Structure formats: C-alpha cells, structure tokens
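Q: next input, structure requested:
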Amino acid sequence: AVDKINLIPQDFFAELCEQIIQHLNHKNPGINTVELCQRLQTSGIEVNVDDLAKITNIVSFLFSTAARSNLSTEELSSALGSTVNTLPKHAVQVIRHVWSEQGKSVAVSENQRHMTTVGQFVDIKWKLGVAMSSDTCRSLKYPYVAVTLKVADPSGQITNKCFEMTVPQFKNFFRQFKEMAAVLETV
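A: Numbers count the residues shown, from 1 in each chain. Coordinates of the predicted model:
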C-alpha cells in the first residue's frame, strides 16, 4: 500500500491526512474511502478502495501512535526519516505539516479517549418493499424492510452493512435502536 502513496497527489494526500486528524479528534465519524477512491479514479489515478483503506490505516496508525507517545513535530519527522524510509518525500512533508498544525489536539484527544476499540454508528437508511413473487413461489405479497447501516470501524474506515427483515422485526429493531440511542445520549 505504501507504494500506492506515490500515485496520490500531494493535495489529495493532505486532504486525507486532515480527515484522519478530524476522525481522531471525533470531529467526523470516519473516512469514506469509497468516495475518496471514486474521486481519485475520476481524476485518472489508478488506486482501488482496498489500497486506499490500507493507506488510511497506516496514516491513522502513525498519527495515533505519535499522539500516544506525545511526539513533537521534530520527533515525528525524525522517526519517519529513520524508520519509514519507504514513504515518498511528499507524504512525509504532508504528515509533518498536518502534525505541526494539529498534532497537539490529537494528543489531547487520544489521552482522553484511551483509544476506543469499537466502531461508531454513522447513519441508517431503510426502505419498505413488497416481494410479489420468486422462482420458487408464485405469490408472496409480503412486505419487508431493507436496512443499510453505515458504520465507521475504529480506524475510521466507513462500511455499509445491509440486511432485510420483516416489518415486525424492523419495528422491534427500531424500538431497541431508539432505546439504545437514548441511553447513549445520557453518557
């Protein structure tokens, strides 16, 4: 994945680093690597979602490790120069710049949260449908609910989880979901 960083323009890599810092500071729920990958591909850069996710994880690990170690910009630059000689020069420059601008806020944030290890809920979408028939049954006519949950894992990677359920299952699911959200708001 590190070799793919060479393909990413410096301004785009800077934007990715900014999003990672915002995620580590709890200002955004995660990094939508699918959207970022589509933007890169639209501009003619050959990179896939898996590679971009790996790059995101690497940079997130660098920033969170630097925060836990309370590294200054100079210490981070020195560490990058001595141990990560495979990173392109423009990437090291961007990481150094972003860290010098926003590293202190990440250090405070990391110390406050002690590295959360669970994902974060981002969004829910649902739609009601009716299956009219199938290959094995001529007449179904039963409603169902298709649900898509958008979740950010601890590294910030946003993924969609899709599933279907009956209307009574959805009512129960949604009731429990609202109860859980109410409890979390009090924390």
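Q: check which helix or strand covers residue 129.
A: Using DSSP states H and E, residue 129 sits within strand 120-131.
Q: which secondary structure elements does that strand contact?
A: Packing partners of strand 120-131 (3 or more Cβ pairs under 8 Å, 6 or more residues apart in numbering; DSSP states H and E): strand 142-152, helix 167-186. For every residue, glycine as well, the C-beta is placed using N, CA and C.
Q: mind checking the pLDDT average for that strand?
A: Mean pLDDT, computed over strand 120-131, is 83.
Q: over to stretch 80-94?
A: On average, the pLDDT along stretch 80-94 is 75.
Q: same question, stretch 55-73
A: If you average the per-residue pLDDT over stretch 55-73, you get 85.
Q: same thing with stretch 19-27?
A: Averaged across stretch 19-27, the pLDDT comes to 86.
Q: let me see the domain layout of the protein.
A: Structurally, the chain divides into domains by the TED database as follows: 1-114, 120-185.
Q: can I get those domains in a markdown table with mean neighbour count?
A: Output for these, formatted as a markdown table (neighbours: other Cβ atoms under 10 Å):
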| stretch | mean neighbour count |
| --- | --- |
| domain 1-114 | 17 |
| domain 120-185 | 13 |
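Q: sorry, back to before: between helix 167-186 and the strand holding residue 129, find me the angle.
A: Relative orientation of strand 120-131 versus helix 167-186 (axes from the mean of the first three to the mean of the last three Cα atoms, to 10 degrees): 160 degrees.
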